[in-house]
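Chemist: here is my input, please return the structure:
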Amino acid sequence: MTTAHPVTASSADVLREAGRRRTFAVISHPDAGKSTLTEALALHAQVISEAGAVHGKAGRRGVVSDWMEMEKARGISITSAALQFSYGDAVVNLLDTPGHSDFSEDTYRVLAAVDSAVMLLDAAKGLEPQTLKLFDVCRHRGIPVITFINKWDRPGREALALCDELVERIGLQPMPLTWPVGEAGHFRGVLDRRDGQFIRYARTAGGATAAGQERLSAAQAEAEEGADWVRAVEEADLLSASDGDFDLARFLDATATPVLFGSAVLNFGVKHLLDLLVELAPEPTPRADAQAKPRELDAPFSAFVFKVQTGMDPSHRDQVAFARVCSGVFERGMVVTNATTGKPFATKYVQQVFGQQRSTLDTAYPGDVIGLVNATALRVGDTLYTDKPAVRFPGLPSFAPAHFAVARPADLSRSKQFRKGIEQLESEGVVQILRSLRRGEAAPVFAAVGPMQFEVASHRLVAEFKSPVRLEPLPYTVVRRLTDPAHRSLVDGNRSEVLTRTDGVDLALFADSTTLGVLRRLHPEVEAALEPLVAGNT
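Modeler: Below you'll find the predicted structure:
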């Protein structure tokens, strides 16, 4: 494929730049503090001067990665945000993810684009259901995980009990690099297990600026902290006796996790985490294409789209496709090929995205996340590449929906805007859109992992397309993939129906398991054509 200007970076340049990249996601259960940690990391990298708060405390801004009005109003992250910043000689690509379980499909897509993850645990709650689901995805992909036990400034569980839970529930060996001095709720600082020193933090007003810290020798720490220090040292010794010393190989093969303790809202322990990510987190490696052949980092440019988002800049209403660069060097203005359609795509408008803040991007390397503006031709899962031979990376999965509703425009005079809005939501994967001859194009069916996705879809249709929508819930609770369309007439019934997803997949929906069981008994030949959809099929 021709380019607007030649790519001049050598193979050595690409490999060197890729080696500087650290691309990771923050995963956790809702309310564990992901957005707060994201801002705290950016604060310590000196990208911003003052941290925001998710819940909008007086005198503090909203987090820069939560831009949607619903997010600001509710204090939750709904969309994933891609933040890029430099830290020392490293280039950090931090992908913040939705914590609410209703938006787990978006999180799963993001995990396809990272090389490591930070697993954030609430000191009082430990491993929670959504954290477990997301960790399973990391394990399936072999993604190394760093664990940050958050909110140590509040009452919580014992540190040893939290570490034991990692072994007992997910089989992940904890390798603490810091250990708290003072029980949860009485945070004095941490013991740095690498050098035996005490790191003491200094509070700042509301935690809005980077927390200061000082290092004390073990003798000074014992003199000043007394019993709290002695207990921390004794517990650290127990860790060494139980295979809890750090081993880089075990971290990289995702069988063990470095553990840090801190408080994101006070910025305690955050700099330590950032330094650890730069030092230990893996750099980009060759990514396997759809034929399981590794795409070398210095091969011609290739990338895959893992997220499409509209409305990040309300004044422009543009659409941004977020793509992870897998190989080669990207230069703004180059013409790439979309492997899905075979059509060229001109990359005239490309940006680095930091929440709502944007800057023009001229060059990107493996591991970087680029924001392609006005990318209406791109969809989640598309592969972009230059030069022959063509390359295509595995598509990103769609997950089993659990909630269904027929969508109709509440104002028929806005039907055109309604259709346009449905197309937009469909391209972004906000909800899955299902259609059937029975219902017609005017009444698509929304399918979602969680009901809050319906609320987001409705909000955006009103806010962006001025088209209020009326949703009529459907009574389906069981979904299967119908692999043989010849059986469609047998499945369609009073308590079941077949609808077609945008990607051409036929989904058979049933009111309950009894309805499905009756169909199997009456028509046993259908059994082989009904496949379960599993959320973890990544």
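Chemist: looking at the helix or strand hosting Glu235 now, give me its mean pLDDT.
Modeler: Taking DSSP states H and E as the definition, Glu235 sits inside helix 227-241. Helix 227-241 carries an average pLDDT of 93.
Chemist: Val329 is in contact with Asp13, correct?
Modeler: Yes: assessed by Cβ atoms under 8 Å, Asp13 is found in contact with Val329 at 7.2 Å. For glycine as for every other residue, the C-beta is placed from the backbone atoms N, C-alpha and C.
Chemist: in terms of neighbours, single out the busier of those two.
Modeler: Val329 (24 against 14; other Cβ atoms under 10 Å).
Chemist: the more buried one: what's it in contact with?
Modeler: Val7, Ala9, Asp13, Val14, Glu17, Phe301, Thr363, Ala364, Tyr365 (Cβ atoms under 8 Å, 6 or more residues apart in numbering).
Chemist: need the contact list for the second one.
Modeler: Each residue near Ala9 by Cβ under 8 Å, 6+ apart is listed here: Glu17, Val329, Thr363, Tyr365.
Chemist: apply 7 Å and report the result again.
Modeler: Val329 (Cβ atoms under 7 Å, 6 or more residues apart in numbering).
Chemist: that older thread, can the contacts of Val329 go into a markdown table with extra columns for pLDDT, distance to Thr178 and secondary structure?
Modeler: Formatted as a markdown table, these follow (pLDDT from 0 to 100; distance: Cβ to Cβ, whole Å; DSSP: H, G, I helix; E, B strand; the rest coil):
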| residue | pLDDT | distance to Thr178 | secondary structure |
| --- | --- | --- | --- |
| Val7 | 48 | 43 | coil |
| Ala9 | 72 | 39 | coil |
| Asp13 | 93 | 36 | helix |
| Val14 | 95 | 35 | helix |
| Glu17 | 96 | 31 | helix |
| Phe301 | 96 | 40 | coil |
| Thr363 | 91 | 36 | strand |
| Ala364 | 93 | 33 | strand |
| Tyr365 | 96 | 32 | coil |
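Chemist: buried subset of these, written for ChimeraX?
Modeler: In ChimeraX, a selection of the buried entries from the contacts of Val329 looks like this (16 or more other Cβ atoms under 10 Å):
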select :7,9,14,17,301,364,365
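Chemist: the residue nearest to Pro473 when sequence neighbours are not counted is in what secondary structure piece?
Modeler: Excluding its sequence neighbours, the residue lying closest to Pro473 (Cβ to Cβ, 6 or more residues apart in numbering) is Ala405, at 4.9 Å. In this assignment (DSSP H and E), Ala405 forms part of strand 403-409.
Chemist: how about Arg22?
Modeler: Residue-wise, Arg22 maps onto strand 21-27 under DSSP H and E.
Chemist: same for the helix or strand that comes right after that strand, what does it pack against?
Modeler: Going down the chain from strand 21-27, the next helix or strand is helix 34-44, by DSSP H and E. When contacts are defined as 3 or more Cβ pairs under 7 Å, 6 or more residues apart in numbering; DSSP states H and E, helix 34-44 packs onto strand 21-27, strand 81-87, strand 90-96, helix 270-280.
Chemist: same thing but at 10 Å, please
Modeler: Contacts defined by 3 or more Cβ pairs under 10 Å, 6 or more residues apart in numbering; DSSP states H and E place helix 34-44 against strand 21-27, strand 81-87, strand 90-96, strand 116-122, strand 145-150, helix 270-280.
Chemist: just put the ones you listed in TSV and tack on distance to Val431 and mean neighbour count.
Modeler: Below are the helices and strands packed on helix 34-44 laid out as TSV (distance: least, Cβ to Cβ, whole Å; neighbours: other Cβ atoms under 10 Å):
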stretch	distance to Val431	mean neighbour count
strand 21-27	22	25
strand 81-87	20	21
strand 90-96	21	24
strand 116-122	26	24
strand 145-150	29	25
helix 270-280	33	19
